[in-house]
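[1] have a look; sequence and predicted model below, questions after that.
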Amino acid sequence: MAAKRDRLKLYEALELRSELDARIKTIKDCLPETRQNRKGIFSLREGGDRRPSPDFDLAAAREGLKRLELRRRKLNAAIQQANFQHRVEHDGESMTLSEALEVRKGLNEAIGELHSQLVDSAWQRVIYKEDRDIVEESELSYTECSERLERARLAFRSLNRQLRAASFEVPVEFADE
């Protein structure tokens with residue numbers, strides 16, 4: 001068995017958080033209170049009443065769930081603390097990892113909006129009226145939209161690379177199993 005460590009790298013902490021989420025979901029899906037909430041899903045393939053298997057201990061499962069949820073909360077707090085303590089440079093500005101994550105989220109949303117604008121600007125609207133065509137020009141220039149979208153994509157890529165690099169360097173104060 002590997003030795004216990006008091007520090008994880010950020011990427012390891014994020015992987016552990018995902019693993020804890022999966023473990024929590026598995027236990028919750030085995031509990032009867034969760035099964036009742038999902039009754040509609042099971043009603044077609046399940047007939048009759050159900051009872052726990054002889055080797056499934058409900059009390060132990062619930063206790064294990066509490067321990068996992070507590071561990072996940074503590075890990076999440078440690079990740080948040082690391083995100084607020086460490087900084088990256090983006091676009092000439094120093095910002096915490098937490099701020100950088102928000103900027104990345106905003107850039108991702110902007111890329112979606114710019115994509116839509118670019119698609120709209122690629123076409124003119126033509127209305128056929130009697131013997132003439134009425135052409136409505138696009139409100140936005142295709143070239144300008146294309147350039148703004150490219151700048152946003154490059155900024156997103158640059159910031160994302162910095163965040164990934166930081167995840168391999170930034171320590172998270174959390175004891176691994």
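    Thanks, I have it. Numbers count the residues shown, from 1 in each chain.

[2] C-alpha from now on. contacts and neighbour counts both.
    OK.

[3] surely D55 is within a helix?
    No. D55 sits outside any helix when classified using DSSP: H, G, I helix; E, B strand; the rest coil, being coil.

[4] state the phi and psi torsions of it.
    phi -100, psi 10 (degrees, to the nearest 10).

[5] any idea how many residues pack against it?
    Using other C-alpha atoms under 10 Å, D55 has 6 neighbouring residues.

[6] so who does it touch?
    With contacts taken as C-alpha atoms under 8 Å, 6 or more residues apart in numbering, D55 has no neighbouring residues.

[7] can you tell me how far it is from L65?
    17 Å (C-alpha to C-alpha, to the nearest Å).

[8] which pLDDT value does the model give the spatially most central residue of the chain?
    Residue closest to the average C-alpha location in the chain (C-alpha atoms, centre = their mean): K105, at 9.6 Å. pLDDT, K105: 98.

[9] mind telling me what element it is part of?
    Using DSSP states H and E, K105 sits in helix 97-121.

[10] contacts for that helix, please.
    Outside helix 97-121, the residues that touch it by C-alpha under 8 Å, 6+ apart are 80, 83-88, 90, 138-142, 145-146, 148-149, 152-153, 155-156, 159-160, 163.

[11] which positions within the top helix by length along the chain qualify as buried?
    Ranked by number of residues, the top helix in the chain under DSSP state H is helix 58-85. By 16 or more other C-alpha atoms under 10 Å, the buried positions in helix 58-85 come out as L65, L68, E69, R72, L75, N76, A78, I79, A82, N83.

[12] what's the answer for stretch 90-102, then?
    Of the residues in stretch 90-102, those buried by neighbour count under the rule 16+ other C-alpha under 10 Å are M95, T96, L97, S98, A100, L101.

[13] now these in JSON lines, with distance to I24?
    As requested, those are arranged in JSON lines below (distance: C-alpha to C-alpha, whole Å):
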{"residue": "M95", "distance to I24": "33"}
{"residue": "T96", "distance to I24": "30"}
{"residue": "L97", "distance to I24": "27"}
{"residue": "S98", "distance to I24": "25"}
{"residue": "A100", "distance to I24": "29"}
{"residue": "L101", "distance to I24": "25"}
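
[14] sorry, back to before: can you name the next helix or strand after the longest helix of the chain?
    From helix 58-85, the next helix or strand downstream (DSSP H and E) is strand 87-90.

[15] for that following strand, name the packing helices and strands.
    Packing partners of strand 87-90 (3 or more C-alpha pairs under 8 Å, 6 or more residues apart in numbering; DSSP states H and E): strand 93-96, helix 97-121, helix 142-167.

[16] closest to K9 out of those?
    K9 lies closest, by C-alpha to C-alpha, to one member of those: helix 142-167, at 6.5 Å.
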